[in-house]
Structures are given as structure tokens and as C-alpha cells.
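>>> quick one, what's the 3D model for this:
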Amino acid sequence: MSETAAPDRRRWIGLVFISVAVALIIVDSTIVNVAIPSVVDELGITSTQVQWVQESYTLVFASLLLVFGTLADRFGRRRMLLIGVVIFALASILAALSSSGDLLIASRLVQGIGGAMILPSSLSIINSTFRGRERAIAFAVWGSTIGGMAAVGPLLGGWLTTYFSWRWAFGINVPLGVIIVIGVLVFALESREQGAPRRVDIVGAALSVVLFASLVFGLIEGRTFGWFFSDTPPAFWTLDVSPIPFVFALTLVSLVAFIAWGLRRERAGQSTMLAFGLLRIASFRNGNIAAMIVSLGEFGIILSLPLWLQNVLGYDALQTGLVILALAIGSFVASGFAGAFGNRIAPVLIVRIGIIAEIVGVVMVALSISPDAQWWQVVPGLFVYGFGVGSATAQLTGVVLMDVPVEQSGQGSGTQSTARQVGSALGIAILGTILFSSLGAGLAARLDDRPEIPEAARIQIVDAVVDSAGTAIPGLDAQSPDAAADARAAFSDATRYAAFAAAGFLALGFLATLRLGESRPVESREKAAAEPQRP
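This next block holds a predicted model:
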């Protein structure tokens, strides 16, 4: 056996465990989506808290990706990934033991810290370990592993929630975390940016956290506190104007300050949180824009669909997991397809094909949504949508990082991960607002046509359905079958509007990919590089 064979085999095995570490995040998200209705029933959380169970994680995740991507470059990428897995597993224990919505949200915040350590570290390890054609294969393995684990997530979450408890949906992360830690320690190699300064840009880190946290907070709470004026301000607020405009103003100020501070440090030759020089690379700059917009459309619909399946169609968590499994299967199939053809077809072309498939799939799902829909009407659209996600995700990651210098891979992967997570946070916040706002308005309009129901009762019904994120609908059947029917129709309409909005954002993401250069596939680039240059 040659001396290089063992290290080669070791890094490929290590790639699997690194991919599973990222899949841990994906599995957790899909399990939480399926388990949310059961959480609402047991803990009695409101629709805003439902969003926060999702967004508290995404808020911290998006806020810290850039910070941890830079720290991983300087202090060790494998080390950062391992710390992240441990934190994520410990936070999962706290989530499983939560006795209230607030404690669950706090646990998700800590999970976000762990997740923000895992994702950029995994991408930068791949980017620094593999080259050329191997890198395309590595990203395919990365995407396929995530796709396969994502396929397990809804089914596992539905089974655990239905036959045991939603708490086990979080507890399953602990044994997975132990397996990942052992595998990464044994097989993954440590890497870091050589010669990088150990001093961290504390001011830049703080500004990036304030920037992303205020943006996501404003989008989530705008519906509750009012976009400008509000009858329901937070307890600490004494002004007539809603706090949301001030939050968005803080976002804008933080953005300007972050850019100005970073450019100043870069001109002075000091370290920065974001390598602004990377934005001069067209593939990196335009790829991040496309990734953010596409993620906005991709992840928003995942919030509303499980709620609709369980509260309108009456499916339990296991049945919901089986339906959503079609999405994950499509993603898994597409990841293999992208890996097989990624070296022969331009990655940008695969990305565009994937986004088109996503748009078609989301529209198919939207057109199938009705109060009396059947599972077989929804599944084909979910499969096509999942195929699009799997085709676009890994290849878009490769396009973004393709021209990034290896020594800046952590900052590059942290930046592109931040773009994706900001997009997903915006998607959940914006499409969640569309879902619940249109649900409230639609149900109120339908109940206004029922004079037999007193006005006070109509208001109470609307508030109960919206605040419970739809879980109050089954209970209406015994009190007022007509009101329950109206609630199911209104929830179906709202879910459809959210799906069409997601398709619109995906269309914008497709337009953004038109600014990406027609990069050649890996095999063509390597062949051209090997040919002698003619005078």
C-alpha cells in the first residue's frame, strides 16, 4: 500500500462524517417542521412563537456564520466543527426537556450557535482538502449525504412524534452527535489558514451580528408589533410609532458601519470579518446574490406546508413526514444526478435547471392545495421541487467558491453560508407573514358572511386560528362546523399564496443566475490548463 493511499482514503471517509455533521442541521430542521403542531398542542405556543421556534435558530445561525467562518480559518476548521457539534447536541437535550415555548426558543438559540460553527467549517474543509475534479465529486458526496439524511428527517420525525413524543425529535441529535465527533476525530484532517493573524476584528463581528439579528427580528415581529403604527406594541415601548421602523433603521446603520469599518481595516492591512476583496470576484459576488434570493424562495414554503397538512387535511406527524419525504427523495436523486454530470456540464447550467424545476414544483404544489386535497396530488410537485433543490444547491456552492483562494476558503464559505441563511431567514419571515396575515384577513372575510355568528365570536375565532398557527381548526368542528370549514378554506388559500410568493422569489433567483458567467465544467477547465499555451 502506498503512503498516499491511506491519507486519500482517510479524507474521503472523513468527508462522509463532515457531510453528516451538516446533515445533522438539515435533519433537525425537517424534524422540527413535522413536530411543530405537536409542540403547539403540548406547550400552547402562539403563531408568533411558532415562527420564533424556527427563526430563533435561523436568527443566531445567520448572525454568526460569518464570524465562525473566519475563526475557523484562523484557529482550525476541524476544531470549530467539533465544538459546534457538541454545542448543538447539548442544546438538543435542553430542547427535548423544555417545559414552555420560551425555553424551547432559548434552546433553539443555542442550537443556532452550534450550527453556525458547523456549516462554514465543513465547507471550508472541503474547499481546502479537494481540488479540481475531486472537489466536484466531494461537493456531490456532500450534497448526496445531506439529501439522504434529509429524506430520513421527515420520516424519522413523524415516527418519533406520532409514537413517542416530539421531544425525541430533538433527543435523536445526541447519538448522531456522538457518532459525528468520533468519525471526525478519526478520519478528518485539521486545516487552517497559514499565516493568518490570530487577532479577531471584534468591532466587525459585533456589527455583523447586529446587522443580521435586527433584520430578521424586524421581519418576524413586524406582523405582531405593526410595520409603522401598532395597537399591540411590546411592553417596554411607549411611543405611538411601532418599534419596527427603528429596528430596520438599525439594520441600515449597521450595514453602512460594517462596510465602512471593514474597508478601513482592509486599507490599513488589518484583518476583517469579510474579505471585501473577494467581492471583486464576479462568480463569488453574483453567486452569493443568487444564493440568497434562491434560499428565500426555497425555505419559506417549508414552514407552511406541514401546518396545512396536519391542521387542514388532518394528517398526523408520521403521515406528514411521508408526504414531505417526496421532497427529500427528489433532492437525493438530483444530488446524484448533479454529481454524475457536474464534471461534464457547466455547473451554472445545472443550477439554472434546478431553479426552473423548483419553480415548476412549487407552482404544482400551489395548484394542488385545497381543503379536500389528497396526498397524491401534492407529492408530484414536492418531488419536482426537491429535484430542483438537489440540482441547484451543491452546484451553486461550487460556483460561489470556485475562484476563491484556498487560504480564504473559510471567509468565502462563511460569506456564502451567510447569504444562504439570510435568504432562508428572510423567506421564513416574509412567507410566514404572508401566510398568517392572509389567513387572518381571509378567515375574517369569510366569517363576515355568516351573520349567525356574533361579531365577538368571529373575532375570537380568527384570533384563535391565527395565534395557534391553525391547530385550533380541528377543535372548531364541534363548536361550529361552518366556521371550521371557513378556517380550512382560508388556511388553504393562505398556504397557496405563500407558495406562489415562493415561486416568485425563485424566479428572481433564476434571473440573478444570468449574471453568473458560463463557467466550463471541471473536466474542460483541467484539459485546457494541461494544454501548452500557444504564442
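>>> the most centrally placed residue in the chain: which element?
In the chain, the residue lying closest to the centroid (CA atoms, centre = their mean) is Ser424, at 4.6 Å. Per DSSP states H and E: Ser424 is located in helix 409-448.
>>> go on, Glu221?
Assigned by DSSP H and E, Glu221 falls in helix 202-225.
>>> sort out which residues of whichever helix or strand comes after that helix are buried, please.
Where DSSP H and E defines the elements, the next helix or strand beyond helix 202-225 is helix 244-267. Using 16 or more other CB atoms under 10 Å as the test for burial, helix 244-267 gives Ile244, Val247, Phe248, Leu250, Thr251, Ser254, Leu255, Ala257, Phe258, Trp261, Gly262, Arg265. Every C-beta, even on glycine, is put in place using the N, C-alpha and C of the backbone.
>>> what's the burial count for Ser283?
Ser283 sits with 20 neighbouring residues when counted by other CB atoms under 10 Å.
>>> so who does Thr470 touch?
For residue 470 the amino acid is Gly, not Thr. By CB atoms under 8 Å, 6 or more residues apart in numbering, the contact set of Gly470 is Pro37, Leu307, Trp308, Asn311, Val312, Leu439, Ala487, Phe491.
>>> next one: Ile25
Ile25 neighbours (CB under 8 Å, 6+ apart): Phe88, Gly115, Ile118, Leu119.
>>> all strands of the stretch 351-500 of the chain, in order?
Counting by DSSP state E, counting those that start in this stretch, the stretch 351-500 of the chain has no strands at all.
>>> what ranges do the helices span in it?
In the stretch 351-500 of the chain, the helices defined using DSSP state H, counting those that start in this stretch lie at 375-401, 409-448, 455-467, 473-479, 481-513.
>>> send me stretch 441-460 as CSV with only the CA atoms.
Extracted in CSV, the C-alpha atoms of stretch 441-460 (Å, rounded to 0.1, in the frame of the first residue of the first chain):
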residue,chain,number,x,y,z
ALA,A,441,-57.8,38.5,6.6
GLY,A,442,-59.3,35.6,4.6
LEU,A,443,-60.9,34.0,7.6
ALA,A,444,-62.3,37.3,8.8
ALA,A,445,-63.8,38.0,5.4
ARG,A,446,-65.4,34.5,5.2
LEU,A,447,-66.9,34.8,8.7
ASP,A,448,-68.3,38.2,7.9
ASP,A,449,-70.6,36.4,5.5
ARG,A,450,-72.1,34.4,8.4
PRO,A,451,-74.3,36.8,10.4
GLU,A,452,-75.5,33.9,12.6
ILE,A,453,-72.1,34.0,14.3
PRO,A,454,-71.8,37.1,16.6
GLU,A,455,-69.1,39.6,15.8
ALA,A,456,-67.3,39.0,19.1
ALA,A,457,-67.2,35.2,18.4
ARG,A,458,-65.9,35.9,14.8
ILE,A,459,-63.0,37.9,16.2
GLN,A,460,-62.3,35.3,18.8
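>>> got the buried residues for it?
Neighbour counts over stretch 441-460 (16+ other CB under 10 Å) mark Gly442, Leu443, Ala444, Arg446, Leu447, Ile453, Arg458 as buried.
>>> Thr513 and Ile355: what is the separation?
7 Å (CB to CB, to the nearest Å).
>>> quick one, which of those two is more surrounded?
Comparing Thr513 with Ile355 by other CB under 10 Å, the one with more neighbours is Ile355, at 27 against 23.
>>> gap between that one and Thr393?
Ile355 sits 10 Å away from Thr393, going by CB to CB.
>>> try Glu42
Remark: distance between Glu42 and Thr393 (CB to CB) = 33 Å.
>>> quick one: which of these two has more around it?
Between Glu42 and Thr393, Thr393 has the larger neighbour count (other CB under 10 Å), namely 26 against 15.
>>> how about low-confidence regions in the stretch 151-300 of the chain?
Residue ranges of the stretch 151-300 of the chain with pLDDT under 70: 151-155, 192-199, 231, 299-300.
>>> sorry, back to before: now the buried residues of helix 244-267 in JSON lines, with distance to Ser56?
Putting the buried residues of helix 244-267 into JSON lines (distance: CB to CB, whole Å) gives the following:
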{"residue": "Ile244", "distance to Ser56": "18"}
{"residue": "Val247", "distance to Ser56": "16"}
{"residue": "Phe248", "distance to Ser56": "19"}
{"residue": "Leu250", "distance to Ser56": "19"}
{"residue": "Thr251", "distance to Ser56": "18"}
{"residue": "Ser254", "distance to Ser56": "20"}
{"residue": "Leu255", "distance to Ser56": "22"}
{"residue": "Ala257", "distance to Ser56": "25"}
{"residue": "Phe258", "distance to Ser56": "23"}
{"residue": "Trp261", "distance to Ser56": "27"}
{"residue": "Gly262", "distance to Ser56": "27"}
{"residue": "Arg265", "distance to Ser56": "31"}
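>>> if we can go back for a sec, does anything pack onto the helix holding Glu221? Which helices or strands?
In terms of contacts (3 or more CB pairs under 8 Å, 6 or more residues apart in numbering; DSSP states H and E), helix 202-225 is packed against helix 47-75, helix 244-267, helix 409-448.
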